[in-house]
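A.B. asks: one predicted model, sequence on top.
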Amino acid sequence: MQNENELKHQFKNVNGLDWHWVEMGSGHPVVLLHGIPESWACWQHQIPTLSKQFRVIALDLKGYGQSAKPDGDYSGTTVAAEILSLLDEIGIDTFHIAGHDWGVMVADNIINLSPNRVTRYVRCSLSLHNYDPRNSLHHQWNGQNPELASELMRNSDAYVRVWFDTSCKPETKPSEAELQSIIKEFSYPGIAEAVPKYFRDIRNSKPVDYSKFTMPVLYIHGEHDPRQPIEYAKGMEKFVPGLEAILVLDCGHFTPREQPTDVTNAMMWFFHSMLGSGLPIFARSRHYGLPTKPAGKVENWGVNPGMS
């Protein structure tokens, strides 16, 4: 009999699609979705602590890691529906969810399809109202040149290193050992051919209706993220009814890896419904305070007193 406190690699075929995820713990489910060029291990630093209170499910998205890499539609709407079918199959109804980078776009589409199933939402490193990924030149190039994109991704060592070299704050960049692990996860056969399909199909997703985001939402942002300037976050509360707080960390784009302790603490605090007690003090971080609901106009936007 497997111990629920041990990390378990799970595999299941649902509607002809093979899924791989890791699972740990018991309690209310927390679904974790990674971005590019990552895997379930994007959340490796958060899983052990989260699993002390929750049933943690960290997926390899379709096209990544040990999950299937089929031809077909990779739009956010389709991938979200496929994940919901997987969650149905393993007996999960309502759940907390967290996404990083492209995982945010998938999570947004999950909420767009089934808002009543998501109880709390942590979105990392991807704003929404000031940033339309469909208009990103990087995304457009990958979508319009899938063969060239695949060729670049086949050199997984160079591809992963470019992402982390250009997206992380130098002082918080993952170690060489951690980079080697990320490279290994991005080297499975078929990834280089599958991942460009996300860029190709990004415009095929249904428009996300953010008025559905009435569940509590926490946004975690890297202050030195070159891909998502902090200005993108300001004003988000006007578009997301459930937005409770924005936490700004001293790092770049890969928040779960660059500031693992702060991200873990923030997720535990948020998932435990501690909003009324105010934001805790996080090392090397700032937060931009938002009122707890009902949220009107944001007051005192800026660095919280006592934080450096």
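C.D. replies: Arrived safely, thanks for sending. Residues are numbered from 1 along each chain as shown.
A.B. asks: quick one: low-confidence parts of the chain?
C.D. replies: For the chain, residues meeting the criterion pLDDT under 70 lie at 1-3, 128-147, 273-308.
A.B. asks: helices along that one, start to end?
C.D. replies: 47-50, 76-89, 102-113, 137-144, 146-154, 156-167, 176-185, 191-194, 196-200, 255-258, 260-271 (DSSP state H).
A.B. asks: so which of these is nearest residue 29?
C.D. replies: helix 76-89 (7.9 Å; CB to CB). Glycine gets a C-beta too; all of them are placed from N, C-alpha and C.
A.B. asks: got the contact list for the closest one?
C.D. replies: For helix 76-89, the surrounding residues in contact (CB atoms under 8 Å, 6 or more residues apart in numbering) are 12, 14-15, 17, 19, 29, 31, 33, 59, 61-62, 72, 95, 105-110, 112-114, 117, 201-202, 204-206.
A.B. asks: next, the buried residues of that helix.
C.D. replies: Residues of helix 76-89 classed as buried by neighbour count (16 or more other CB atoms under 10 Å): 76, 77, 78, 79, 80, 81, 82, 83, 84, 86, 87.
A.B. asks: which single one of the residues you listed is nearest to residue 126?
C.D. replies: Using CB to CB, the buried residues of helix 76-89 come closest to residue 126 at residue 76, 12.0 Å.
A.B. asks: quick check: that closest one vs residue 271, distance?
C.D. replies: Per CB to CB, to the nearest Å, residue 76 is found 24 Å from residue 271.
A.B. asks: circling back: just name the most buried of the helices of the chain.
C.D. replies: helix 255-258 (a mean of 26; mean count of other CB atoms under 10 Å).
A.B. asks: tell me what that helix is packed against?
C.D. replies: Counting by 3 or more CB pairs under 8 Å, 6 or more residues apart in numbering; DSSP states H and E, the packing neighbours recorded for helix 255-258 are strand 217-222.
A.B. asks: within the sheet, what are the partner strands of the strand it packs on, with directions?
C.D. replies: strand 118-124 (parallel), strand 243-249 (parallel) (DSSP bridges).
A.B. asks: quick one: it to helix 260-271, angle?
C.D. replies: 170 degrees (axes from the mean of the first three to the mean of the last three CA atoms, to 10 degrees).
A.B. asks: for strand 217-222, give me every contacting residue.
C.D. replies: 120-125, 127, 169, 228, 230, 233, 236, 240, 242-249, 251-255, 258-259, 263, 266-267, 270.
A.B. asks: same deal with stretch 204-216?
C.D. replies: Applying CB under 8 Å, 6+ apart, the set of residues contacting stretch 204-216 is 73, 75-78, 105, 108-109, 111-112, 115, 118-121, 128-129, 239-244, 270, 273, 275, 293.
A.B. asks: switch the cut-off to 6 Å
C.D. replies: 75-77, 108, 112, 115, 118-121, 239-242, 244 (CB atoms under 6 Å, 6 or more residues apart in numbering).
A.B. asks: show the buried residues in these.
C.D. replies: Neighbour counting over the contacts of stretch 204-216 (16+ other CB under 10 Å) leaves 75-77, 108, 112, 115, 118-121, 240-242, 244 as the buried ones.
A.B. asks: now the residues you listed in JSON lines, please, with extra columns for distance to residue 211.
C.D. replies: As requested, these are arranged in JSON lines below (distance: CB to CB, whole Å):
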{"residue": "75", "distance to residue 211": "21"}
{"residue": "76", "distance to residue 211": "18"}
{"residue": "77", "distance to residue 211": "17"}
{"residue": "108", "distance to residue 211": "13"}
{"residue": "112", "distance to residue 211": "10"}
{"residue": "115", "distance to residue 211": "9"}
{"residue": "118", "distance to residue 211": "14"}
{"residue": "119", "distance to residue 211": "18"}
{"residue": "120", "distance to residue 211": "18"}
{"residue": "121", "distance to residue 211": "14"}
{"residue": "240", "distance to residue 211": "9"}
{"residue": "241", "distance to residue 211": "6"}
{"residue": "242", "distance to residue 211": "10"}
{"residue": "244", "distance to residue 211": "16"}
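A.B. asks: between which two of those is the distance greatest?
C.D. replies: Pairwise over the buried ones among the contacts of stretch 204-216, using CB to CB, the maximum falls at 75 and 244, 29.0 Å.
A.B. asks: perfect, I'm done here.
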